[in-house]
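Engineer: model the following, please.
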Amino acid sequence: MPVLARGGIVRRSVFALFLTTALAGVGGVGGCQTVPETGRTQFVALSAADERQLGAAAYDEQLKDAKLITTGAEYERVQRVGARIAEASKRRYGAAVADFDWRFALIDTPEVNAWMLPGGKSAVNTGLLRVATSDDELAVVMGHEAAHAIARHGAERISRGMAVQVAVGVVLATGEVDPRLVGATAAAYGVLGETAFSRREESEADHIGLLIAADAGYDPRAAVGFWRKMSAQGGGGPPEFLSTHPSGDTRAKRLEQLMPEAVRVYDGAKGRAR
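Structural biologist: Below you'll find the model as predicted:
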């Protein structure tokens, strides 16, 4: 996503600055991989190990000044749902998440948002819990964010605009991770409250995330109601045809088309739990 609703501020990011200055050539750097479920071929210049290193650094940077909640019912809810999302991701996409170090922070802020950085480093805002009132709805969102990390959408986006910097490497001569790439990673995964992903990437994350939530034993049908609630909140965004994100209603309709497959996975998960 991010799951950003009314009150979010779109800010020019480090990533956007790099996009305006990065050179086009990529030399010998780069490689192709396949997105799960859709089979789309994507170009990603970052290695998975480098991406995880950047994700860990960006996570520490984002949580440094955040107001974290580490106890209580809401915290336990996020940990419980997050753990099941992690286990389902391992079952379905084991190789892609083999080196993930899953973390699920809860941030005390009214902004309706959630995100996951490379390597399974995730955060949920308390504002989201006011909209995702059931565990099924929360699982749909957390599955969606996990899907972006599994599909490496942020790394793909960084690769389109920062291939020359990637060719140099993510670590400076001092041994520190390049802070410009750390900022770009945070922006590319929607941590800064920006429109991070294209419609294609959002659709892929909807598909993958719905199956993750269903495999985790959460009713995927909750996704339709959740996105309709998000649409009802409004937010003063641009018309859908001018936005990289589908509207909540469009997203809900597309999810309905995916629902037969997701319900089959959900039924299988219920059978496994017996």
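
Engineer: what is the mean pLDDT for the longest helix seen in the chain?
Structural biologist: Secondary structure of the chain per DSSP state H: the longest helix is helix 248-273. Mean per-residue pLDDT for helix 248-273: 88.

Engineer: likewise for stretch 33-52?
Structural biologist: Mean predicted confidence for stretch 33-52 is 88.

Engineer: pull out the buried positions in that stretch.
Structural biologist: Neighbour-count burial for stretch 33-52 flags 33, 35-37, 42, 44-46, 48, 50-52 (criterion: 16 or more other C-beta atoms under 10 Å). C-beta: built from backbone N, CA, C; applies to glycine.

Engineer: which of those sit farthest apart?
Structural biologist: Greatest spacing in the buried residues of stretch 33-52, by C-beta to C-beta: Glu37 and Asp50 (24.6 Å).

Engineer: do a quick rundown of the strands in the protein.
Structural biologist: 32-34, 41-43, 68-69, 103-107, 114-117, 121-125 (DSSP state E).

Engineer: strand partners (parallel or antiparallel) of the last one?
Structural biologist: I take that to be strand 121-125. Strand 121-125 has these partner strands in its sheet, going by DSSP bridges: strand 103-107 (parallel), strand 114-117 (antiparallel).

Engineer: I'd like to know which of the ones you listed lies nearest to Ala123.
Structural biologist: The closest of the strands paired with strand 121-125 to Ala123 is strand 103-107. By C-beta to C-beta, the value is 4.2 Å.

Engineer: quick one: contacts of the closest one?
Structural biologist: Contacting residues not belonging to strand 103-107 are listed as 59, 63, 66-70, 74-75, 78-79, 82-83, 120-126, 142 [C-beta atoms under 8 Å, 6 or more residues apart in numbering].

Engineer: ok, the closest residue to Arg52 other than its chain neighbours - how many residues close by?
Structural biologist: Spatially, and ignoring its direct neighbours in sequence, Arg52 is nearest to Gly119 (3.8 Å; C-beta to C-beta, 6 or more residues apart in numbering). Per other C-beta atoms under 10 Å, the neighbour tally for Gly119 reads 23.

Engineer: which ones are touching Gly119?
Structural biologist: In this structure, Gly119 makes contact with 51-52, 55-56, 99-101, 149, judged by C-beta under 8 Å, 6+ apart.

Engineer: ok, Val81 next?
Structural biologist: Taking C-beta under 8 Å, 6+ apart as the test, what Val81 contacts is 135, 138-139, 142, 216, 218.

Engineer: could you list the low-pLDDT ranges of the stretch 101-250 of the chain?
Structural biologist: Where the stretch 101-250 of the chain drops to pLDDT under 70, the residues are 160-176, 178-197, 234-248.

Engineer: where do the helices sit along it?
Structural biologist: 126-129, 135-150, 153-168, 179-188, 199-215, 222-233, 248-273 (DSSP state H, counting those that start in this stretch).

Engineer: give me the number of residues near Ala123?
Structural biologist: 24.

Engineer: roughly how far does the residue found closest to it once you drop the neighbours it is linked to in the chain sit from Glu74?
Structural biologist: Spatial nearest neighbour of Ala123, excluding adjacent residues (C-beta to C-beta, 6+ apart): Ala105 at 4.2 Å. Distance of Ala105 to Glu74, computed by C-beta to C-beta, to the nearest Å: 12 Å.

Engineer: more neighbours, those two?
Structural biologist: Ala105 (20 against 14).

Engineer: Arg130 contacts Thr109, doesn't it?
Structural biologist: No: taking contacts as C-beta atoms under 8 Å, Arg130 lies outside contact range of Thr109: 11.3 Å.
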